[in-house]
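# Fold the following.
(one chain, ligands or ions: 1)
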Amino acid sequence: MTEIKSAYCLQCKEVRRFERRGVNHVLHLLLSVFSLGLWVPLWILLALCPEVFHCMACGAEFIKLPDGYVGRKG
Ligand SMILES: [Zn+2]
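A predicted model of the protein is given here:
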């Protein structure tokens, strides 16, 4: 599952699309089954710390400022 937002990118100096890849729960379920549960703590960790958004053009990291969302170099 991928989330996409539009925001001003400081690297590109224009509005870009930023994407964030969600946690693939099906993959983690399979890994947990095959590792006999050893994967579960990692799965929980990944689910609690979702990836930040990145500019789809230059890969800059997405940050939130009081006046809106902008991208900065990651
Ligand atoms: Zn960019």
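
# Going by C-alpha atoms from here, please, whenever you check contacts or count neighbours.
OK.

# Which residue ranges of the chain form strands?
2-9, 14-21, 54-55, 61-65, 68-72 (DSSP state E).

# measure residue 23 to the ion for me?
To the ion, residue 23 is 23 Å away according to CA to the ion, to the nearest Å.

# Any idea which helix or strand in the chain has the lowest mean pLDDT?
Least confident helix or strand, the chain: strand 68-72 with a mean of 62, by mean pLDDT, DSSP states H and E.

# so what's the residue nearest to residue 31 when sequence neighbours are not counted up against?
Among residues not flanking residue 31 along the chain, residue 39 sits closest, at 6.3 Å (CA to CA, 6 or more residues apart in numbering). Residue 39 sits next to 28, 31-32 when contact means CA atoms under 8 Å, 6 or more residues apart in numbering.

# same deal with residue 25?
Per CA under 8 Å, 6+ apart, neighbours of residue 25: none.

# per-residue confidence at it?
Listed pLDDT for residue 25 reads 88.

# shaky segments in this protein?
Confidence mapping of the chain against pLDDT under 70 gives the ranges 50, 63-74.

# so how far is residue 14 from the residue of the chain most remote from its centre?
In the chain, the greatest distance from the average C-alpha position (CA atoms, centre = their mean) is reached by residue 36, at 27.3 Å. Note on residue 36: its distance to residue 14, by CA to CA, to the nearest Å, is 48 Å.

# would a markdown table of the strands of the chain with distance to residue 43 and mean neighbour count be doable?
Formatted as a markdown table, the strands of the chain follow (distance: least, CA to CA, whole Å; neighbours: other CA atoms under 10 Å):
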| stretch | distance to residue 43 | mean neighbour count |
| --- | --- | --- |
| strand 2-9 | 17 | 16 |
| strand 14-21 | 15 | 18 |
| strand 54-55 | 22 | 27 |
| strand 61-65 | 23 | 16 |
| strand 68-72 | 28 | 19 |
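
# now those in TSV, with distance to the ion?
Output for the strands of the chain, formatted as TSV (distance: least, CA to the ion, whole Å):
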stretch	distance to the ion
strand 2-9	5
strand 14-21	6
strand 54-55	5
strand 61-65	8
strand 68-72	7
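
# what's the closest of those strands to residue 44?
Nearest to residue 44 among the strands of the chain is strand 14-21 (15.9 Å), distances taken as CA to CA.
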